[in-house]
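> Show me how the following folds:
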Amino acid sequence: MKMTKEMSPAAYEFEGKLPLSQAIPLGLQHVLAMFVGNLTPILIITNACAALSDGGDFASMQVSLLQNAMLVAGIVTLVQLFAIGPIGGKVPIIMGTSSGFIGVFQSVVSTMGGGVLAYGAIMGASILGGLFEGVLGFFLKPLRKFFPSVVTGTVVLSIGLSLISVGINSFGGGSGVKDFGSMENLLLALFVLVVILVLKHGTKGFTSSSSILLGIIAGYIAAFIMGLVLPHTGVTPDGVEYTKSWVLDWSKVAEASWFAIPSIVPVKIVFDLRAILPVMVMFIVTAVETVGDISGVMEGGVGREATDKELSGGVICDGIGSSFAAIFGVLPNTSFSQNVGLVAMTKIVNRFALATGAIFLILCGLIPKLGALVSIMPQSVLGGAAVMMFSSIVVSGIQLIMKGPMTPRNLTIVSVSLGVGYGMGANMGILSQAPQFISLIFGGSGIVPAALFAIVLNILLPKEKEEKA
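Presented below is the predicted three-dimensional model:
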């Protein structure tokens, strides 16, 4: 009798019929990979709004918004997987709250003085921006000539590069924690990574394909054991006691309710040009990023280029999904790059498997206790898996770039876009004396300027004649 259950070949086919017993853990893998990243942008922006104004009870509102974020991500993912008319590309993409907007939204909050007004203006700008991106999706076919593999590959590569630092921060325990980089955090993350590598390359079938999920579960167990044998608290150099970041806070699970109905329009929607203009520009870049994500997941997971219909439907879903999210007070929902890396690494593209993950997200939105169980995962556990997944996105970007000939023209596009574009966006200090509009567009994310540089250079640089042998 075989000890390892063989993975069904359907797991590697988008429309394959996969047993529920295999689909559930494969879908849960995707949820665990994106769970924290799906909620973090809302925490960052609501905290920024609260910090600048004492108007509005953001502490109680956050709970409702986080619940809505999980519900919306699940619904929009199902639309992307199965499509409703032209909305949805029928591609193996997980949708979630975009972190790419954080820089722009923080600038909007600062400009408008924070509070409920600023958050409402962000929602209004997201509704209009999402509709605008949806319209762009309908015209993507004639615009696709502006997105050859060298452009989309550069965007995917910049996405991967931007996420590596996120993965390493999680590896150390998470940004801002008192024990960041502690031996406990590093060893816990390293343990998860080793378990994943052993299962991925030392076993076959189901355990190999589910290596990320099994590694994270092993990390949960290791954190629990650490909690039994190691002290829960530490003391900072200035004498302040704190709880160590790898400790599992079961009280969150105990206090969470079993069922809650999501609230619609939890914040009054405001339409203000100070928010609308910079957010509109960001939605253009998001469309390019989504093209890159879909190209990356089709190249890395399916082994072929994405079709015009898949790209168009994916971008339309990106836009309409973001407008839909704003109605629930949630930041824009776009293709989640973290999960692109997971698909590229595991090659699991089965729609049913991804749909079970989306349904789990919806349940998390309706059953807060279930969401709380996932939310207590130590960041270092996620980091052990994230560093490998995010690096896979970099590799997918390189593969896309290499689809075309590496001519001097293409080398220039890639090198300038990454060197100047990504470098400038990833180091905001260089833009400290630039006009605010420039800082709004380029600051905070290397993805935005890298994408714009790649598009502009692809248009301006003369095409090269084929070299004669």
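> Please report the distance of the most centrally placed residue in the chain from Ala358.
The residue lying closest to the centre of the chain (C-alpha atoms, centre = their mean) is Phe336, at 3.6 Å. In this view, Phe336 and Ala358 are 11 Å apart by C-beta to C-beta, to the nearest Å. (Glycine included, C-beta is placed from N, CA and C.)
> related to what we said a few turns ago, spatially, what comes nearest to the residue nearest to the centre of the chain if we skip its sequence neighbours?
Excluding its sequence neighbours, the residue lying closest to Phe336 (C-beta to C-beta, 6 or more residues apart in numbering) is Gly96, at 4.1 Å.
> That neighbour in helix, strand or coil?
For Gly96, the assignment made with DSSP: H, G, I helix; E, B strand; the rest coil gives strand.
> Check the one 3 residues further on too.
In the three-state summary, Ser99 is assigned as coil, counting by three-state DSSP.
> ok, then the element right after the lowest-mean-pLDDT helix or strand in the chain?
None of the helices or strands of the chain scores lower by mean pLDDT, DSSP states H and E than helix 436-442, at a mean of 68. Going down the chain from helix 436-442, the next helix or strand is helix 447-460, by DSSP states H and E.
> Give me the below-cutoff pLDDT ranges for the stretch 1-150 of the chain.
1-5, 36, 51, 53-60, 103 (pLDDT under 70).
> contacting residues for Thr40?
With contact set as C-beta atoms under 8 Å, 6 or more residues apart in numbering, Thr40 has these partners: Thr97, Ser99.
> and the gap between it and Val177?
Distance from Thr40 to Val177, by C-beta to C-beta: 13 Å.
> so who does the residue nearest to Phe336 touch?
Taking C-beta under 8 Å, 6+ apart, one finds Met34, Gly37, Asn38, Ala73, Thr77, Asn333, Thr334, Phe336, Asn339 in contact with Gly96.
> would JSON lines of the residues you listed with distance to Met61 and secondary structure be doable?
As requested, these are exported to JSON lines (distance: C-beta to C-beta, whole Å; DSSP: H, G, I helix; E, B strand; the rest coil):
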{"residue": "Met34", "distance to Met61": "23", "secondary structure": "helix"}
{"residue": "Gly37", "distance to Met61": "20", "secondary structure": "helix"}
{"residue": "Asn38", "distance to Met61": "17", "secondary structure": "helix"}
{"residue": "Ala73", "distance to Met61": "18", "secondary structure": "helix"}
{"residue": "Thr77", "distance to Met61": "24", "secondary structure": "helix"}
{"residue": "Asn333", "distance to Met61": "19", "secondary structure": "strand"}
{"residue": "Thr334", "distance to Met61": "23", "secondary structure": "strand"}
{"residue": "Phe336", "distance to Met61": "24", "secondary structure": "coil"}
{"residue": "Asn339", "distance to Met61": "27", "secondary structure": "helix"}
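> From the residues you listed, pick the one nearest Glu6.
Of all these, the one sitting nearest Glu6 is Asn339; the distance, using C-beta to C-beta, is 24.4 Å.
> thought the closest one was touching Ile94?
Yes: counting by C-beta atoms under 8 Å, Asn339 does reach Ile94; the two are 3.9 Å apart.
> so the helix or strand hosting Val166 versus helix 447-460, what angle?
Per DSSP H and E: Val166 is located in helix 149-171. Relative orientation of helix 149-171 and helix 447-460, computed by axes from the mean of the first three to the mean of the last three C-alpha atoms, to 10 degrees: 170 degrees.
> Return the set of buried residues in helix 149-171.
Buried residues in helix 149-171, counted by 16 or more other C-beta atoms under 10 Å: 149-163, 166-167, 169-171.
> continuing past it, what's the next helix or strand?
Counting by DSSP H and E, what follows helix 149-171 is helix 183-202.
> other SSEs contacting that next one?
Contacts defined by 3 or more C-beta pairs under 8 Å, 6 or more residues apart in numbering; DSSP states H and E place helix 183-202 against helix 149-171, helix 206-209, helix 211-229, helix 379-401.
> ok, then the element right after the third one?
Secondary structure here is assigned by DSSP H and E; on that basis, the next helix or strand after helix 211-229 toward the C-terminus is strand 233-235.
> Please work out the average pLDDT along that next one.
Mean per-residue pLDDT for strand 233-235: 82.
> Make 50 the first number, not 1, from now on.
In the new numbering, first residue 50, that becomes strand 282-284.
> any idea of the mean pLDDT for the very next helix or strand once past it?
Moving toward the C-terminus from strand 282-284, the next helix or strand (DSSP H and E) is strand 290-292. Regarding strand 290-292, the rounded mean pLDDT is 83.
> And strand 290-292, how far out from the chain middle?
30 Å (C-alpha atoms, centre = their mean, to the nearest Å).
> Where does Leu81 sit: helix, strand or coil?
Three-state call for Leu81 (three-state DSSP): helix.
> Just give me the neighbour total for it.
By the measure other C-beta atoms under 10 Å, the count of residues near Leu81 is 22.
> One more: Leu69?
9.
> How about it: what's its closest non-neighbour residue?
Thr405 (7.6 Å).
> could you list every residue that touches the one you found?
Counting by C-beta under 8 Å, 6+ apart, Thr405 has contacts Leu69, Ala72, Ile73, Leu75, Gly76, Leu77.
> From those residues, list the buried ones, please.
Ala72, Ile73, Leu75, Gly76, Leu77.
> what sits against the first one?
If I follow you right, that is Ala72. So Ala72 contacts Asn399, Phe401, Ala402, Ala404, Thr405 (C-beta under 8 Å, 6+ apart).
> so is it in a helix, a strand, or just coil?
What three-state DSSP gives for Ala72 is helix.
> Look up how far Leu262 lies from it.
Distance, Ala72 to Leu262, by C-beta to C-beta: 12 Å.
> Phe385 now?
According to C-beta to C-beta, Phe385 stands 17 Å off from Leu262.
> What are the boundaries of the helices in the stretch 50-199 of the chain?
For the stretch 50-199 of the chain, the helices defined by DSSP state H, counting those that start in this stretch occupy 69-101, 107-131, 151-161, 164-187, 189-192, 198-220.
> Kindly apply the preceding question to the stretch 350-499 of the chain instead.
357-376, 386-395, 400-415, 417-424, 428-450, 457-465, 472-475, 485-491, 496-509.
> Same list (those) but as a markdown table, adding distance to Ala99.
What follows is the helices of the stretch 350-499 of the chain, written out as a markdown table (distance: least, C-beta to C-beta, whole Å):
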| stretch | distance to Ala99 |
| --- | --- |
| helix 357-376 | 19 |
| helix 386-395 | 27 |
| helix 400-415 | 23 |
| helix 417-424 | 20 |
| helix 428-450 | 22 |
| helix 457-465 | 40 |
| helix 472-475 | 27 |
| helix 485-491 | 21 |
| helix 496-509 | 26 |
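> Most tightly packed of the ones you listed?
The highest mean neighbour count among the helices of the stretch 350-499 of the chain, using mean count of other C-beta atoms under 10 Å, belongs to helix 386-395: a mean of 28.
> now for that one, which elements pack on it?
Against helix 386-395 (3+ C-beta pairs under 8 Å, 6+ apart) you get helix 69-101, helix 198-220, helix 260-278, helix 322-346, helix 428-450.
> Mind checking the pLDDT average for the shortest one?
Per-region confidence: helix 260-278 scores 87 on mean pLDDT.
> What lies in contact with it?
With contacts defined as C-beta under 8 Å, 6+ apart, helix 260-278 is touched by 74-75, 77-78, 81-82, 233, 237-238, 240-242, 244-246, 248-249, 252, 256, 295-297, 391, 394-395, 426-427, 429-431, 433-434, 438.
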